[in-house]
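**Student:** Turn this into a structure:
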Amino acid sequence: MNNNNPPLPGSTRSEAEELLSAPAEWDLPRSRHLHYKDVLMQQIDHDRTPSTQARPTPRRRLARGVVLLPLASMALAGALVVTFSGGDDTSAPATRAADANSASATLNRIAVAAMATDEAPVKDGQFVYVESLVRENKGTFEGPVRLGAVHKREVWMSQNPGPVTKTGWIRESGKDAVMPGQLGPIESTAPVSAGIDHPTYKWLASLPTDPDALLDLLYTQTRVEEGESKEQAVFTMIGDLVSETIMPPANASAFYRAAAKIPGVQEIPDAVDAAGRHGIAITREDASSATRYEWIFDKDTLAFLGSRAYITHDEAKGITSDTLFGTSAIMKRTVVDQHGKAPAKTGS
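**Tutor:** The predicted structure is shown next:
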């Protein structure tokens with residue numbers, strides 16, 4: 001154990017100990033989300049354990065200003081490969097459309113586009129590989145939101161139905177990456193089987209394709225964070241479940257149709273992902289948790305591009321309008337036979 005590292009800025013050793021002894025539900029692996037890892041939590045974990053040991057996967061957020069965002073939605077139209085350019089995504093969002101019917105209509109169009117894709121089944125021994133650009137909140141417990149640099153993130157999500165403790169693997173590279181270049185396991189505190197916390201292709205394929213039945217299931221199985229509304233929890237869960245997975249087109253379509261039925265979803269005519277790509281966004285603001293999440297889609301193909309997350313207000317930090325605390329862009333999604341290696345490049 002390494003006890004020589006100094007305390008993290010804005011935190012004390014007692015705070016670190018308190019986080020690490022938090023209830024199991026806080027670090028129960030949501031293998032699909034690891035997108036916006038809590039940097040502070042990982043540094044605390046790194047301080048306590050060798051760098052090769054598994055990194056825990058906290059649920060979405062630990063404390064205001066230290067936040068985890070699910071990587072919302074997936075690029076069902078195929079793998080996306082673009083140059084790694086960081087867009088100016090810190091600006092305030094465009095005015096949101098007040099008509100919820102517009103968002104519902106767009107989500108139904110996205111659902112139709114998802115049905116037109118052709119996804120081959122993923123085998124139990126394979127991994128879903130996702131390469132992303134991410135920009136994370138590097139702020140401390142009591143400090144303001146401070147966005148780090150856009151950097152590359154790769155995950156290999158296991159399809160083993162379990163029970164397993166290692167549900168995937170992760171590697172980051174670039175400025176402000178945590179443990180850059182090091183491959184580490186995504187590991188739970190207890191074995192988990194295929195399900196809402198370990199969503200394999202086969203489990204996703206077993207879900208209802210009727211949007212009402214699917215929504216009922218999600219409302220039953222989704223855990224709600226303190227201060228969060230049930231509707232926001234389910235909206236976020238849908239983003240989680242389609243973020244770093246591959247699923248049959250009918251199931252993907254059902255998730256989007258289910259999202260269209262959640263009260264409060266709205267449409268934004270223009271939004272920018274972490275790679276600087278413009279698209280149309282579906283968003284939901286939650287007054288209870290003072291957060292707002294966006295899923296960004298290509299305006300023409302309706303393929304998923306990326307996501308953004310905002311704190312909408314925080315009196316303690318003087319936040320009175322939407323403040324970006326995380327953004328992502330999907331670059332590539334495919335199936336591989338082993339973890340730790342990026343898929344071979346195709347084409348010239």
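**Student:** pLDDT on the helix ranked longest in the chain, on average?
**Tutor:** Identified as the longest helix of the chain according to DSSP state H is helix 100-115. Across helix 100-115, pLDDT averages out at 92.
**Student:** Just list what that helix packs against, helices and strands only.
**Tutor:** Judged by 3 or more C-beta pairs under 8 Å, 6 or more residues apart in numbering; DSSP states H and E, helix 100-115 is in contact with helix 249-260, strand 265-272, strand 278-286. Yep, even glycine has a C-beta here, placed from its N, CA and C like the rest.
**Student:** Now do the strands in this structure.
**Tutor:** Secondary structure of the chain (DSSP state E): strands at 61-63, 66-67, 127-136, 151-158, 164-173, 184-192, 265-272, 278-286, 291-297, 304-311, 323-336.
**Student:** just to revisit the earlier point, report the buried residues of the longest helix of the chain.
**Tutor:** Under the neighbour-count criterion of 16 or more other C-beta atoms under 10 Å, helix 100-115 has 102-104, 106-108, 110-111, 113-114 buried.
**Student:** Pull it out as CSV, backbone CA atoms only.
**Tutor:** Extracted in CSV, the C-alpha atoms of helix 100-115 (Å, rounded to 0.1, in the frame of the first residue of the first chain):
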residue,chain,number,x,y,z
ALA,A,100,-42.2,18.2,-25.9
ASN,A,101,-44.0,16.8,-29.0
SER,A,102,-40.9,17.9,-31.1
ALA,A,103,-38.6,15.8,-28.9
SER,A,104,-41.0,12.8,-29.0
ALA,A,105,-41.1,13.1,-32.8
THR,A,106,-37.4,13.2,-33.1
LEU,A,107,-36.9,10.3,-30.8
ASN,A,108,-39.3,8.3,-32.9
ARG,A,109,-37.4,9.2,-36.0
ILE,A,110,-34.2,8.0,-34.3
ALA,A,111,-36.0,4.8,-33.3
VAL,A,112,-36.9,4.2,-37.0
ALA,A,113,-33.2,4.8,-38.0
ALA,A,114,-32.1,2.3,-35.3
MET,A,115,-34.3,-0.3,-36.8
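**Student:** Next, the angle strand 304-311 makes with that helix.
**Tutor:** Per axes from the mean of the first three to the mean of the last three C-alpha atoms, to 10 degrees, the angle that helix 100-115 makes with strand 304-311 is 140 degrees.
**Student:** Any regions of the stretch 51-200 of the chain where pLDDT drops low?
**Tutor:** For the stretch 51-200 of the chain, the stretches with pLDDT under 70 are 51-100, 140-143.
**Student:** Please report how far the nearest residue to residue 109 once chain neighbours are set aside lies from residue 113.
**Tutor:** Nearest residue to residue 109, sequence neighbours excluded (C-beta to C-beta, 6 or more residues apart in numbering): residue 302, at 6.2 Å. Residue 302 sits 4 Å away from residue 113, going by C-beta to C-beta, to the nearest Å.
**Student:** Tell me the pLDDT of the nearest residue to residue 210 once chain neighbours are set aside.
**Tutor:** Leaving aside its sequence neighbours, residue 210 sits nearest to residue 254 (C-beta to C-beta, 6+ apart; 7.0 Å). Note on residue 254: pLDDT of 98.
**Student:** Hmm, residue 208 and residue 254 touching each other?
**Tutor:** Yes: proximity of residue 254 to residue 208 meets the contact threshold set by C-beta atoms under 8 Å, at 6.9 Å.
**Student:** what about those two, which has more around it?
**Tutor:** residue 254 (24 against 15; other C-beta atoms under 10 Å).
**Student:** re earlier: just put the buried residues of helix 100-115 in JSON lines and tack on distance to residue 239.
**Tutor:** Listed next are the buried residues of helix 100-115 as JSON lines, based on distance: C-beta to C-beta, whole Å:
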{"residue": "102", "distance to residue 239": "19"}
{"residue": "103", "distance to residue 239": "14"}
{"residue": "104", "distance to residue 239": "17"}
{"residue": "106", "distance to residue 239": "15"}
{"residue": "107", "distance to residue 239": "12"}
{"residue": "108", "distance to residue 239": "17"}
{"residue": "110", "distance to residue 239": "13"}
{"residue": "111", "distance to residue 239": "15"}
{"residue": "113", "distance to residue 239": "17"}
{"residue": "114", "distance to residue 239": "14"}
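**Student:** tell me which of the residues you listed is nearest to residue 234?
**Tutor:** Among the buried residues of helix 100-115, residue 107 lies closest to residue 234 (C-beta to C-beta), at 13.9 Å.
**Student:** The closest one reaches residue 259, doesn't it?
**Tutor:** Yes: contact criterion C-beta under 8 Å: residue 107 and residue 259 qualify, at 5.5 Å.
**Student:** Quickly list what's touching both of those two.
**Tutor:** Residues within reach of residue 107 and of residue 259 at once, by C-beta atoms under 8 Å, 6 or more residues apart in numbering, are 265, 282.
**Student:** For residue 118, give me its contacts.
**Tutor:** residue 249.
**Student:** Identify the bridge partners of residue 310.
**Tutor:** Beta-bridge partners recorded for residue 310 (DSSP bridges): residue 292, residue 324.
**Student:** Need the nearest residue in space to residue 104, chain neighbours excluded.
**Tutor:** residue 260 (4.2 Å).
**Student:** The one you found touches residue 109, doesn't it?
**Tutor:** No: using C-beta under 8 Å, residue 260 is not in contact with residue 109; the gap is 9.9 Å.
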